[in-house]
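S.K.: mind looking at a prediction? Sequence and model below.
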Amino acid sequence: MQFIPVLEVLSEEPRFPYLAESMAIIEWAEETHPSPPLLPVDPWERARVRQLAELINAGTQPLQNLRVQKYHSADETEQTKWNRHWSEHGLSAYEQLVQDTAGKFSFENQISLADLFLIPQCYNALRREIPIAKKFPTIHRIYMAALETEACKASAPERFQPSS
Ligand SMILES: N[C@@H](CCC(=O)N[C@@H](CS)C(=O)NCC(=O)O)C(=O)O
């Protein structure tokens, strides 16, 4: 697919070391490092968290790939309009659904799988000047809380920009 992210996992075993697709990467990380957990214990609550994650992963983010935007239109203004439209569509659904489960984060007070997909989507929305604080107050509160975590600080995209 020629997408990022790609995870390289070095191992003693002779095997192909690369893994793409963020859901596959996160699930592998969860299964190999289960603590702290990214999913609740109760099956219904787990499904609710996965629903939020997929709403972004399958329903919102794919429409914002560079190649999709460019295929839609060569005009940058039109690309931005397209991006804003689908971003707001997804975030609006998330904002409604998350009312049932949110605490400090999307599911109660611990970072979950849902937050891992929500945070980059917020980052993208702000780049497109979508006023998430005004339009999606619960999402914005979750985003602000997430930015304070050490994990979020360590994985901030700014840390990975090439220097030249
Ligand atoms: N389904 C993939 C999507 C990954 C993806 O969209 N990556 C973007 C950056 S966030 C990309 O590589 N875009 C390049 C392009 O659109 O050509 C995943 O979840 O990992």
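M.R.: Here it is on my side, so go on.

S.K.: quick check: closest non-adjacent residue to the most centrally placed residue in the chain.
M.R.: Closest residue to the average C-alpha location of the chain: Phe117 at 1.8 Å, with CA atoms, centre = their mean. Spatially, and ignoring its direct neighbours in sequence, Phe117 is nearest to Ile56 (4.0 Å; CB to CB, 6 or more residues apart in numbering). (C-beta placed from N, C-alpha, C; glycine too.)

S.K.: sec struct for that neighbour, please.
M.R.: Under DSSP: H, G, I helix; E, B strand; the rest coil, Ile56 falls in the helix class.

S.K.: ok, it to Lys135 distance?
M.R.: Going from Ile56 to Lys135 by CB to CB, to the nearest Å gives 16 Å.

S.K.: equivalent analysis for Pro37, please.
M.R.: Relative to Lys135, and taking CB to CB, Pro37 is found at 31 Å.

S.K.: hmm, back to that, and the residue nearest to the centre of the chain, what element?
M.R.: helix 113-127 (DSSP states H and E).

S.K.: touching that helix from outside, list them.
M.R.: Taking contacts as CB atoms under 8 Å, 6 or more residues apart in numbering, the residues outside helix 113-127 that touch it are 22, 26, 30, 38-39, 49-50, 52-53, 56-57, 60-61, 64, 83, 87-88, 90-91, 94, 98, 105-107, 132, 139-140, 142-143, 146-147, 152, 157.

S.K.: out of those, which are buried?
M.R.: Buried by 16 or more other CB atoms under 10 Å: 22, 26, 38-39, 49-50, 52-53, 56-57, 60-61, 64, 83, 87-88, 90-91, 94, 98, 105-107, 132, 139-140, 142-143, 146, 152, out of those.

S.K.: per-residue pLDDT, the residue nearest to Phe117?
M.R.: Listed pLDDT for Ile56 reads 98.

S.K.: what residues does it make contact with?
M.R.: If you count contacts by CB under 8 Å, 6+ apart, then Ile56 has 90, 94, 114, 117-118, 121 around it.

S.K.: pick out the most distant pair among these.
M.R.: The span of the contacts of Ile56, defined through CB to CB, is set by Gly90 and Ala114 at 12.5 Å.

S.K.: quick check: buried residues in stretch 130-141?
M.R.: For stretch 130-141, burial by neighbour count (16+ other CB under 10 Å) applies to 130, 132, 136, 139-140.

S.K.: which of those residues fall within helices?
M.R.: Using DSSP state H, the subset of the buried residues of stretch 130-141 located in helices is 132, 139-140.
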